[in-house]
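A structural model of the following input is requested.
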Amino acid sequence: MQEGVLIVAKRNFSNDDKLGRLGYAKFIEILLFDTKKYKRDDDTNSFVLALDSPWGTGKTYFIEMLYDYLENSAELDVQFNVFKYNAWQNDFWDNAFEPLMHTFLSDDKFVMPNKNRLNSLASKLKICIPSIAKGILIQPIRLVAGEKAAEDTRQTIDTAVDWFADINSIFPDYQIFTENIKILKDVLAEYVELIGHSRRLVIIIDELDRCKPTFAIQTLEIVKHLFDVEGISFVFSLDIQQLSHSIKCVYGNGMDSVGYIMRFFDYIFKMPTPDIKSFIQNTIEGKPIKLEHKDLIEFIDNFLHITRFLNLSLRDITTIYTSFLALVEFELVDNPNVILYYNYLALLCLKYKAPTCFEALMLGKANAEHDNIIKNIFRSSSEFRNLIRVNDFLSKINVSVKQDVTCKSSIKV
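Prediction:
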């Protein structure tokens, strides 16, 4: 597996589309097929699409299926060369350019029928990539260098023999930097030409909104300025609102961060809110629990209620249910009771999404605000409504209780 490439599992819409999102993939395919038709500006060459959805709503899961779909699509008279890059897995690096280029160049799809031309392009890349990476790294340092940078510039100007006659000697680093950007664009354009007009080059960038603010901004700027080549399309999977908060960390609260982000994209696709009940049903069907059909329906309905009340994301649901299964197998394997199961699940949800309330409940220090949450979450257990300590409830359902300093109970939540 190449570094920088996100591959959790080989997922596809035929087997893994729990939320019925195949139609969204077909829509994105149409956009990528005829990018000129949907471009925002005529003065840019590449096409950049944003797949916008909040954290935990299944973007990465969808991206994995989209990757497979585009790679194997036969819907339109075109094929796609798709590269996939996880920005968050690489934001430990000191610049955003090298991990992205490494992912692109190390992929098996970066091959050409003409090896001589490939070698020629490789030679050019060996020259331009280090210079570009150095330039990207140095510029932010100069921005924060203050008076020292200003004094260096003044000295350079003072010692120049002829500003107008030899301007490149005054800014040699910038001159080399821009020349190598041109070389990079020429190489990318040649690659697009070599793979043919019947193929589309698509680079998917996932989880940008989870990156360090400087890394996220740099990635956007790199795509805008260095990869602006006709025939290249980008699909960003992100949460624009979350990313806007990162932008404000760099530029300040007075910055129109959402407007700043919008300018990078030709098309912004807002992923519709999924059917939460269907997702819960599919999640449980994939890893079933031992309940009678009537009890299972009640369990799903109660899970849906708590999901809406605590505003659980798809990722929250998956994480909590996985933990619930482990607890059931360890504690409750011989007692498949719907009330017991639900309250066990509810405690997990509370611990995961409302930890202060959970802690207060376990310590018997719940206040009025906590009581309101507890009454809503544990609505299926009338015994639980008026209990002050959770251990009283656990004793009633025959779960052994052992007091300790950290948890006040032996229940494994």
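
what separates stretch 10-27 from the chain centre, distance-wise?
The gap between the average C-alpha position of stretch 10-27 and the chain average comes to 18 Å, counting by Cα atoms, centre = their mean, to the nearest Å.

stretch 199-214 too?
What separates the centre of stretch 199-214 from the centre of its chain is 8 Å, taken as Cα atoms, centre = their mean.

CA atoms of it as PDB?
The C-alpha atoms that make up stretch 199-214 are tabulated as PDB, following Å, rounded to 0.1, in the frame of the first residue of the first chain:
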ATOM      1  CA  ARG A 199      -9.700   9.000 -19.800                       C
ATOM      2  CA  ARG A 200     -10.200  11.500 -17.000                       C
ATOM      3  CA  LEU A 201      -7.600  12.200 -14.300                       C
ATOM      4  CA  VAL A 202      -9.300  12.500 -10.900                       C
ATOM      5  CA  ILE A 203      -7.600  13.100  -7.600                       C
ATOM      6  CA  ILE A 204      -9.700  12.500  -4.500                       C
ATOM      7  CA  ILE A 205      -8.600  14.400  -1.300                       C
ATOM      8  CA  ASP A 206     -10.300  13.200   1.900                       C
ATOM      9  CA  GLU A 207     -10.400  14.600   5.500                       C
ATOM     10  CA  LEU A 208      -9.000  18.000   4.800                       C
ATOM     11  CA  ASP A 209     -11.100  19.500   7.500                       C
ATOM     12  CA  ARG A 210      -9.300  17.400  10.100                       C
ATOM     13  CA  CYS A 211      -5.900  18.700   9.200                       C
ATOM     14  CA  LYS A 212      -3.800  21.400  11.000                       C
ATOM     15  CA  PRO A 213      -5.100  24.800   9.700                       C
ATOM     16  CA  THR A 214      -1.800  25.700   7.900                       C
END
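
so which bits of it are buried?
Applying a neighbour-count criterion of 16 or more other Cβ atoms under 10 Å, the buried positions in stretch 199-214 are 200-214. From N, CA and C alone the C-beta is placed, and that goes for glycine too.

shouldn't residue 18 be within a helix?
No. Using DSSP: H, G, I helix; E, B strand; the rest coil, the secondary structure at residue 18 is coil, not a helix.

okay, and which of the buried residues of stretch 199-214 map to strands?
Members of those lying in strands (criterion: DSSP state E): 200, 201, 202, 203, 204, 205, 206.

of these, the lowest pLDDT goes to which?
Looking at these by pLDDT, the weakest one is residue 200, with 85.

I figured that residue was touching residue 31, is that so?
No. Taking contacts as Cβ atoms under 8 Å, residue 200 lies outside contact range of residue 31: 10.7 Å.

quick one on the thing from earlier: and which of the ones in strands among the buried residues of stretch 199-214 is nearest residue 365?
The shortest separation between residue 365 and any of these is 41.8 Å, and it belongs to residue 206 (by Cβ to Cβ).

against residue 224, how distant is that closest one?
Distance check for residue 206 against residue 224: by Cβ to Cβ, to the nearest Å, it reads 18 Å.

mind listing what's buried in stretch 212-227?
Applying a neighbour-count criterion of 16+ other Cβ under 10 Å, one finds 212-220, 222-224, 226-227 buried in stretch 212-227.

can I get those in CSV with secondary structure, pLDDT and distance to residue 41?
Rendered in CSV, the data for the buried residues of stretch 212-227 read as follows (DSSP: H, G, I helix; E, B strand; the rest coil; pLDDT from 0 to 100; distance: Cβ to Cβ, whole Å):
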residue, secondary structure, pLDDT, distance to residue 41
212, coil, 89, 28
213, helix, 87, 25
214, helix, 88, 26
215, helix, 91, 25
216, helix, 90, 22
217, helix, 90, 20
218, helix, 90, 21
219, helix, 93, 20
220, helix, 92, 15
222, helix, 90, 18
223, helix, 92, 14
224, helix, 91, 11
226, helix, 88, 17
227, coil, 90, 15
